[in-house]
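1. Sequence and predicted structure are below.
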There are 2 protein chains.
Amino acid sequence: MMKHKLKAYFDKYVNLSDDELELIFEKLEVVQFNKKDFLLTAGAVCNSKYFILEGLIRVYEITSNGNETITQFGVEHWWITNLDSFINKTPSRLSIQALEKTVVFAVTKTNLDYLYRAVPKLERAFRIITENMLIAIQRKDEVYMKKTSKERYFNLVKSIPNFAQRVPQYMIASYLNITPEYLSEIRKNNS
Amino acid sequence: MMKHKLKAYFDKYVNLSDDELELIFEKLEVVQFNKKDFLLTAGAVCNSKYFILEGLIRVYEITSNGNETITQFGVEHWWITNLDSFINKTPSRLSIQALEKTVVFAVTKTNLDYLYRAVPKLERAFRIITENMLIAIQRKDEVYMKKTSKERYFNLVKSIPNFAQRVPQYMIASYLNITPEYLSEIRKNNS
DNA sequence: CATATTTCTTAAGATAGCTTAAGAAGAATA
DNA sequence: TATTCTTCTTAAGCTATCTTAAGAAATATG
């Protein structure tokens, strides 16, 4: 069950004893969100990190001209939060919303800070996890900063299986920074 | 001197005893680079992290069409490395080069891994430093993905004092993903 | 099912930013 | 100080992508 998944996940980074795992597990909460539920609404401080067990979420912002602009998608086994708001306790400009029925582990900042002290290995695990996130975002930047819309689109849909089926096209367009109209055109000319 | 600077820096994140500081200091190397020297050349594995004490560096890549494209600048008190290459020991596509006479602390992967075990607090420090880097890159993304060239330019020059004086314009253009010609035009129309 | 809502497509005209080419200005070196 | 190399500017024409507007298709809801 849940505890198993947690162990399997952390085993990739550190070796936790049963006691340590138990300690961690006690401070996590399993939360279920329905489609369109919010994990975080803009304006609030982001008090938790979420580990996605199943489902799909998006992180987005309402820009000054009133448009939604998606900055991130999260799928199974990704940690999602607004790190800036989480760490600095500043109100979030971003909202986080489930796009499908989604189940997560949620851990509050208080609990996580407690756990870092109680289970020092967790500090190592998150050091590594955060490094991996940094590498991932740097790879994304290479694609998004230097490639055309078409290249970005095909890069994305081939990197997450089924993605184009699970997410409306206009959201993909928003994430890729292109208009839905232009994305429609790209697809027409390439299929 | 050098040890002092190191202490002042880490004090922002954790409290190190003199012994711990000494241990860390022994595993660092102070290296000086002249203008145009390479800290890392494309094709090699990136074996060190560099902490910039003074100077200015750029991280760049030669794209498939033979152009240089700058992905990052590094100034005083920033850690610079190709994290992907550093962690996964893969050959780097990026090069890292000094743009001014630059002095750094260099720490090799072997030494850093040793230090994480010898000084667990360092693990915490780097967990936090890495989180801060992640926040910084996410902020950059907001500006670079969603704003016009003009906005990106003015955002950059006001965020690093003197930047426009220290770095040739064509390099700024490269970093901002615009042509030098167009940057020239932007500047003409706004001064 | 029928209607309402959400999502996707098409197409015409507009624009930001690119390409190419050339020369001007500035900085470095003999 | 002259010469060479590096960096910046100007301008004309071009292309990727956006805007606007409308209707078509798909999906959700009464």
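-> It's in.
2. which strands and helices sit next to the lowest-mean-pLDDT helix or strand in chain A?
-> Every helix and strand of chain A was ranked by mean pLDDT, DSSP states H and E. The lowest is helix A:163-166, at a mean of 90. Packing partners of helix A:163-166 (3 or more CB pairs under 8 Å, 6 or more residues apart in numbering or on different chains; DSSP states H and E): helix A:149-159. Every C-beta, even on glycine, is put in place using the N, C-alpha and C of the backbone.
3. Do the helix it packs on and chain B come into contact?
-> No - shown here: helix A:149-159 not in contact with chain B (CB under 8 Å from any CB of the partner chain), separated by at least 10.6 Å.
4. picking up where we left off before, spell out whether the helix or strand just after the least confident helix or strand of chain A and DNA strand D are in contact.
-> Sequence-wise, the next helix or strand downstream of helix A:163-166 (DSSP states H and E) is helix A:169-176. No - judged by CB under 7 Å from any atom of the strand, helix A:169-176 makes no contact with DNA strand D; its nearest approach is 7.7 Å.
5. which residues are in contact with helix A:169-176?
-> Helix A:169-176 is contacted from outside by A:58, A:60, A:67-73, A:99, A:144, A:149, A:152-153, A:156-157, A:163-164, A:179-180, A:182-184, A:187, using CB atoms under 8 Å, 6 or more residues apart in numbering or on different chains.
6. Contact partners for A:V103?
-> A:V30, A:V31, A:Q32, A:F33, A:I52, A:L53, A:E54, A:G55.
7. Output the set of residues of chain A in proximity to DNA strand D.
-> Checking chain A against DNA strand D by CB under 7 Å from any atom of the strand, the hits are A:T148, A:S149, A:K150, A:N177, A:I178, A:T179, A:E181, A:Y182.
8. filter the residues you listed to the buried ones?
-> A:S149, A:K150, A:I178 (16 or more other CB atoms under 10 Å in any protein chain shown).
9. Tell me who's in contact with the first one.
-> Contacts were defined as CB under 8 Å, 6+ apart; by that measure A:S149 touches A:L176, A:N177, A:I178, A:Y182, A:L183, A:I186.
10. a strand runs through the fifth one, doesn't it?
-> Same thing as A:L183. No - secondary structure assignment places A:L183 outside any strand; it is helix (DSSP: H, G, I helix; E, B strand; the rest coil).
11. what ranges do the strands span in chain A?
-> With strands called from DSSP state E, chain A shows them at A:29-33, A:38-40, A:48-54, A:56-62, A:68-75, A:79-80, A:94-98, A:102-108.
12. Of all those strands, which one is nearest A:L6?
-> Nearest to A:L6, of all the strands of chain A, is strand A:102-108, at 7.0 Å by CB to CB.
13. State the distance from A:Y170 to A:F10.
-> Using CB to CB, to the nearest Å, A:Y170 is found at 37 Å from A:F10.
14. Those two - which one has more neighbours?
-> A:F10 (19 against 15; other CB atoms under 10 Å in any protein chain shown).
15. From B:I129, how far off is the more buried one?
-> In this view, A:F10 and B:I129 are 22 Å apart by CB to CB.
16. Nearest to B:M1, out of the residues of chain A next to DNA strand D: which one, please.
-> For the residues of chain A next to DNA strand D, the closest approach to B:M1 (CB to CB) belongs to A:N177, at 47.3 Å.
17. Spatially nearest residue to that closest one (excluding sequence neighbours)?
-> B:M145 (5.5 Å; CB to CB, 6 or more residues apart in numbering or on different chains).
18. how about the one you found, what does it touch?
-> Here B:M145 is in contact with A:T71, A:Y144, A:N177 (CB under 8 Å, 6+ apart).
19. Output these in a markdown table; the columns should cover distance to DNA strand C and pLDDT.
-> Below are the contacts of B:M145 laid out as a markdown table (distance: CB to the nearest atom of the strand, whole Å; pLDDT from 0 to 100):
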| residue | distance to DNA strand C | pLDDT |
| --- | --- | --- |
| A:T71 | 18 | 95 |
| A:Y144 | 14 | 89 |
| A:N177 | 11 | 95 |
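20. Go through the residues you listed and name the one nearest chain B.
-> Closest approach to chain B among those (CB to the nearest CB): A:N177, at 5.5 Å.
21. who's in contact with that closest one?
-> Going by CB under 8 Å, 6+ apart, the list of residues near A:N177 reads A:T69, A:Y144, A:S149, A:R152, B:M145, B:K146.
22. try A:Q138
-> B:T71, B:L83, B:D84, B:I137.
23. Confirm for me that the first one is in contact with B:Y60.
-> Which is B:T71. Yes - between B:T71 and B:Y60 there is a contact under CB atoms under 8 Å: 6.4 Å.
24. higher neighbour count, those two?
-> B:Y60 (21 against 18).
25. just for chain A, where's the confidence low?
-> Residue ranges of chain A with pLDDT under 70: A:191.
26. So which bits of it are right by DNA strand C?
-> So chain A meets DNA strand C at A:P168, A:Q169, A:Y170, A:M171, A:P180, A:E181, A:L183, A:S184, A:E185, A:R187, A:K188 (CB under 7 Å from any atom of the strand).
27. and the second one, how far is that from DNA strand D?
-> When you say that, I think you mean A:Q169. Applying CB to the nearest atom of the strand, to the nearest Å, the value for A:Q169 to DNA strand D is 11 Å.
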